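J.: Sequence first, predicted model second:
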Amino acid sequence: METKFKLPKINYLKNIQINYCQPFEISNFSIDINRKLQMDNRIMKYYYPMNMKYNDLSEGFETFNRKIERPEPLDNILKVLKEKNHMTFKDNNVNCPDILTWRGLIVKIMCLPYLRKSFFKLNACNYNGTIYIQEDPEKKDNIDINDITQQKFCYSGFKFETLSTLSIPPEEVNDSEENKSLLDERIKSIVNNKEEYGIIVQSRLNNLKLIMGAEVDCAERRFSPNEPQKPYLELKTTKVINNSKDESSFERYKLVKFWAQSYLVGIPKIIVAFRDNNLQVKKISTLKTLNIPYIVNKHQRERNKNIRQEQSREVSKDLKKGNNLIMKKYLPEPWNANVCLAFADLFLNWLKNEILIESNPTISYSITFDSEINKNEINIKCNGPNSGFLPDWWIN
């Protein structure tokens, strides 16, 4: 069985009414340096601004303790839910989520209306009415191990995290020798991406109940488990913005992903380090997640206003010279948050109600988008019997 989902027009998606509930954290976990799952927050870090004297994000690259990149199955989410007694939904249709997956996979779907030059392959199955989605295990590493420059750019993000985090809350940092040592240690510390702190949240996208696992970079301060929105932060690096073209590209292709990643799991702020081509940090900015769509729209209006003014001046010159008028096109519309959420809602509802209708964890379906083949549709294919990916201990 094979079918296709055609991507609807953006104008159609704009008019779909969307309600996304505030994500609620139901659990957390850690992955230690040995890549072992721990049922606590021992790996969680706190943000403390980096010392700009040590702004080289390539420093220490030779000793990078890098994890083996491979698609992350759902096993860790399921183990945490099982261990911490969050499994009640399996026997209760009222609390049963419609979708259970990693946050990053929903981001891929959400951003598709605007990021058409992409590729992803996911696997999905229906078990007791819940659609489980994980990345295809055959996915290849995006980082070329022979391309040192590409590896360094990848490393720079983890270096920024190391230079900007501590194991204690910022409000506890003082002038003691112990704290000075902590600040000094992170400058010379061996960078690794094996350790991770993660959360599991539940939310609702219109009528769809979601459970998502997500890695979290750090927290802004110490917080109570009862706080409805935890003060988590996302740490990002990107190239320095030198002109209007750079700004437009950053906001159109990167900010949409930054926003989606944080918005989906309720991370209120994003810290962005702007670095040059030599991986030297030049500027650090803080963005409020909920403000990002408004910032993008505001900047786009300003850029279009500048284009109109420039166009008016050129028209006046052409008229004086008696030349034919050449009208410049405005910039394309900026991405729209409602479009992203509406597309995710539309596609996931279609997947649940039209394709994966019957509960059968032994059969999975592949969900593939390949812009080189067709950038206007998602391909769905049944993988046949015994293609399920849920562990036996979860099903039984």
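T.: Looks like it came in fine.

J.: can we go C-alpha only for contacts and neighbour counts from here?
T.: Fine.

J.: Contacts only, for the spatially closest residue to residue 83 that is not a sequence neighbour.
T.: Among residues not flanking residue 83 along the chain, residue 39 sits closest, at 8.0 Å (C-alpha to C-alpha, 6 or more residues apart in numbering). The contact partners of residue 39, by C-alpha atoms under 8 Å, 6 or more residues apart in numbering, come to 28-30, 80, 83.

J.: can you do 7 Å?
T.: Listed by C-alpha atoms under 7 Å, 6 or more residues apart in numbering, the contact partners of residue 39 are 29-30, 80.

J.: Show the residue spans covered by the helices in the chain.
T.: Here the chain has its helices, by DSSP state H, at 10-14, 75-83, 103-110, 148-163, 177-188, 244-249, 255-265, 292-321, 337-350, 392-395.

J.: Between the ones you listed, which one is closest to residue 281.
T.: Comparison of the helices of the chain against residue 281 by C-alpha to C-alpha identifies helix 148-163 as nearest, at 8.9 Å.

J.: before we move on, the earlier item: go through the helices of the chain and pick out the most buried.
T.: Mean neighbour counts were compared across these using mean count of other C-alpha atoms under 10 Å; the top stretch is helix 255-265, at a mean of 22.

J.: show me where the stretch 101-250 of the chain has strands.
T.: Under the criterion DSSP state E, counting those that start in this stretch, the stretch 101-250 of the chain contains strands at 119-127, 130-135, 165-166, 196-205, 208-216, 218-219, 232-239.

J.: Make a markdown table out of those strands and add distance to residue 172.
T.: Shown next, in a markdown table, are those (distance: least, C-alpha to C-alpha, whole Å):
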| stretch | distance to residue 172 |
| --- | --- |
| strand 119-127 | 43 |
| strand 130-135 | 39 |
| strand 165-166 | 11 |
| strand 196-205 | 21 |
| strand 208-216 | 21 |
| strand 218-219 | 14 |
| strand 232-239 | 17 |
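
J.: and of those strands, who's closest to residue 109?
T.: Nearest of these (C-alpha to C-alpha): strand 119-127, 9.1 Å.

J.: Can you list the strands that that closest one pairs with?
T.: According to DSSP bridges, strand 119-127 forms sheet pairs with strand 130-135 (antiparallel), strand 365-370 (antiparallel).

J.: what angle sits between that strand and helix 103-110?
T.: Angle, strand 119-127 to helix 103-110, by axes from the mean of the first three to the mean of the last three C-alpha atoms, to 10 degrees: 110 degrees.

J.: pLDDT of strand 119-127, averaged?
T.: Mean pLDDT, strand 119-127: 97.

J.: Show me what counts as buried in it.
T.: The neighbour-count check on strand 119-127 (16 or more other C-alpha atoms under 10 Å) flags 120-127 as buried.

J.: And for stretch 58-73?
T.: Buried residues in stretch 58-73, counted by 16+ other C-alpha under 10 Å: 58-61, 64, 73.

J.: which sections of the stretch 1-150 of the chain are below the confidence cut-off?
T.: For the stretch 1-150 of the chain, the stretches with pLDDT under 70 are 85-94, 140-144.

J.: how close does residue 267 sit to residue 42?
T.: Distance, residue 267 to residue 42, by C-alpha to C-alpha, to the nearest Å: 19 Å.

J.: These two: which is more packed in?
T.: residue 267 (22 against 14; other C-alpha atoms under 10 Å).

J.: biggest separation within the buried residues of stretch 58-73, which pair?
T.: Largest separation among the buried residues of stretch 58-73 by C-alpha to C-alpha: 59 and 73, giving 32.1 Å.

J.: From the centroid of this structure, which residue is nearest?
T.: residue 261 (3.2 Å; C-alpha atoms, centre = their mean).

J.: residues contacting the residue nearest to residue 357 when sequence neighbours are not counted?
T.: In space, residue 357 comes closest to residue 126 once its chain neighbours are excluded; the distance is 7.4 Å by C-alpha to C-alpha, 6+ apart. Residue 126 is in contact with 132, 356, 358-361, counting by C-alpha under 7 Å, 6+ apart.

J.: what about burial for the residues you listed, which qualify?
T.: 132, 356, 360-361.

J.: just those residues now: which is nearest residue 188?
T.: The closest of the buried ones among the contacts of residue 126, once distances to residue 188 are taken by C-alpha to C-alpha, is residue 132, at 41.3 Å.

J.: does the closest one really touch residue 99, like I thought?
T.: Yes: counting by C-alpha atoms under 7 Å, residue 99 is a contact partner of residue 132 at 6.0 Å.

J.: re the thing from before, save the helices of the chain as JSON lines, and put in distance to residue 95 too.
T.: Output for the helices of the chain, formatted as JSON lines (distance: least, C-alpha to C-alpha, whole Å):
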{"stretch": "helix 10-14", "distance to residue 95": "28"}
{"stretch": "helix 75-83", "distance to residue 95": "14"}
{"stretch": "helix 103-110", "distance to residue 95": "20"}
{"stretch": "helix 148-163", "distance to residue 95": "36"}
{"stretch": "helix 177-188", "distance to residue 95": "43"}
{"stretch": "helix 244-249", "distance to residue 95": "41"}
{"stretch": "helix 255-265", "distance to residue 95": "19"}
{"stretch": "helix 292-321", "distance to residue 95": "32"}
{"stretch": "helix 337-350", "distance to residue 95": "17"}
{"stretch": "helix 392-395", "distance to residue 95": "17"}
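
J.: for the ones you listed, which one sits closest to residue 286?
T.: Across these, residue 286 has its closest neighbour in helix 292-321 (10.8 Å, C-alpha to C-alpha).
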